[in-house]
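J.: got a structure for you, letters missing:
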């Protein structure tokens, strides 16, 4: 009882301290003139200064001690100060105040969000199209959707969630009714994108929701770079959204200049978001819109041709290829793309369309046609600097399993390599990674380290080539076998090259060739283990090699244990390799490593790993000899049973039949062993004499068995 009271007292003290901290923070941030100001201008100036201090305090632990409760109290007090000023709409239109509102909304709870909606009700129509107010409305929509329960039905929601949903649907109706004015508005179009993402259940990245100018200003105010890597958040989705989304799409399609909207830098991104949302929830309507934008005019200079070569309109064509049905793809290919791929592949804008054609080709037959048309022109595509077209071509050949040998031949020819010459074969991997011809490679004496010349497109190209069938990519594998240890380490430590080496270890290449590469890496294991990129390569290598090579890696790591512990990446490698078990008790390390490999093989399909590289190596000569001896022993035992069985046939009762049954079982086991049966047929070996005694006992009649038991 005393303990409970003590805890309660501590909790009260903590809450009181948090409240005091929050109040102190607000008092420190609020200017004294805020209360005494009389004119509107003085009030505006006072509250702007106040909000500037609040902005610095929101994410500063010194103001709230890093305590979430204190931060919540601080935000609540700030909101009360802002709301009491009765200037929320005017502040939302201020450059700096709107920014503070965006930050505050990220921390608001449901009641505070509802209060914000009430304060902005009189000016929400104006704010949607305002330079600063549009960001506040967009942040408010996102926060409202995020606060709704993740599961449930709209009619089952209780307050305050039901009120939040009402505001969200009200804004959807308001913007749908005025969509013609909002589509081409610089600021309102971004709000409309955010709303469509919510109604469609599609998480939108920041680059879609904010303009470059907005991201640049925000980065400038934060004193850093624009947060382009921020991950989009999946917001709750309700069935009632589908009706609002359908109505919005219908209103847009009834606009007079809707096809011209596809080429507008303001409305085209919105149309792309709408198509993506409909593909997820209403595919029939989506396919209708895709066909509408594709049109029927496929002649040169026609509507579709203009879209393909337009800097903005080409993005709509990319969506048509990505989301369209296989029938639509084949129609577009036969009516427009066929025979034009070479011209489009070297076009500065249309080459991106060719990449999408290769990425979203639906069938192997279609992929074969597209690849065959482009293969003779690979060198020209490289010359124009459109290497990603070739990368997508190779990826399509790997994914669909077609034209793999011709693709490698065309790549080798485009780099002017003659694979019958040893020096050309030695340069294959280098030329592919650096995307240089043999002539340019031979000018460099000596050539720079492999890791220094690797480019992004070359890395992606070689990764795709390593996914080819083992029977088709012999030149590529042979090129890897010709690399020196320094080349491999240099490649593994490179930002792009490390991905190539990871693909090598997870490919279907045989264990002997992988062990050859690993042998070349020995002596450099510590160098890789302590490197940011090399450590990832070493992890993939560890997962794909056998127990004997794992032991060699562990020994080299253990010999440099002190250096390994001093490195952040080295400690991770040591943990993955279970170096502590290897150091303390090797037998336990072996047991754990074998179990991990077995689990990895079991879950290879779920984890997306290549099954081939996880398979155990083929049996050695010793293992094969041991298996042959076991088969021979089973055969000798079987011949003994033949003699015993003849004697048992003369006896009566169940003993004779039992002997026959036992003999047939032994014969079946021997046959399975000789044929290399599955794991269930592998039983512990029995000594020959023991088997004979058991058979003799079984062959005795029942009366004799009872008599022997009595005598004993």
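T.: Received, thanks. This structure is a prediction, so every number in the text was calculated from the model and none was measured.
J.: gap between residue 582 and residue 551?
T.: Distance, residue 582 to residue 551, using Cβ to Cβ, to the nearest Å: 8 Å. All C-beta atoms are positioned from the backbone trio N, CA, C, and that covers glycine.
J.: what about the helices in the stretch 101-250 of the chain?
T.: Counting by DSSP state H, counting those that start in this stretch, the stretch 101-250 of the chain has helices at residues 110-120, 124-128, 133-146, 161-177, 179-182, 188-200, 206-209, 212-222, 240-253.
J.: which other helices and strands does the longest one contact?
T.: Counting contacts by 3 or more Cβ pairs under 8 Å, 6 or more residues apart in numbering; DSSP states H and E, helix 161-177 packs against helix 110-120, helix 124-128, helix 133-146, helix 188-200, helix 240-253.
J.: per-residue pLDDT, residue 606?
T.: The confidence metric pLDDT takes the value 56 at residue 606.
J.: the chain should start at 28 in everything you say after this.
T.: In the new numbering, first residue 28, that becomes residue 633.
J.: among residue 609 and residue 578, which residue is more densely surrounded?
T.: Taking other Cβ atoms under 10 Å, residue 609 and residue 578 do not tie; residue 609 has more neighbours (22 against 16).
J.: contacting residues for that one?
T.: By Cβ atoms under 8 Å, 6 or more residues apart in numbering, the residues touching residue 609 are 581, 585, 616.
J.: drop anything exposed from these.
T.: 581, 616 (16 or more other Cβ atoms under 10 Å).
J.: sorry, back to before: Serialize the helices of the stretch 128-277 of the chain to a markdown table and add fields for distance to residue 442, mean neighbour count and mean pLDDT.
T.: Below are these laid out as a markdown table (distance: least, Cβ to Cβ, whole Å; neighbours: other Cβ atoms under 10 Å; pLDDT from 0 to 100):
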| stretch | distance to residue 442 | mean neighbour count | mean pLDDT |
| --- | --- | --- | --- |
| helix 137-147 | 60 | 18 | 90 |
| helix 151-155 | 55 | 18 | 86 |
| helix 160-173 | 49 | 24 | 91 |
| helix 188-204 | 54 | 18 | 91 |
| helix 206-209 | 52 | 17 | 88 |
| helix 215-227 | 44 | 25 | 89 |
| helix 233-236 | 35 | 18 | 55 |
| helix 239-249 | 38 | 14 | 49 |
| helix 267-280 | 48 | 18 | 90 |
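J.: right, and those - which one's nearest residue 502?
T.: helix 233-236 (39.9 Å; Cβ to Cβ).
J.: coming back round to it: out of the helices of the stretch 128-277 of the chain, nearest to residue 480?
T.: The minimum distance between residue 480 and the helices of the stretch 128-277 of the chain falls on helix 233-236, with 31.1 Å, by Cβ to Cβ.
J.: what would the helices and strands packed on helix 188-204 look like in CSV with distance to residue 451?
T.: Output for the helices and strands packed on helix 188-204, formatted as CSV (distance: least, Cβ to Cβ, whole Å):
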stretch, distance to residue 451
helix 137-147, 67
helix 151-155, 64
helix 160-173, 57
helix 215-227, 52
helix 267-280, 57
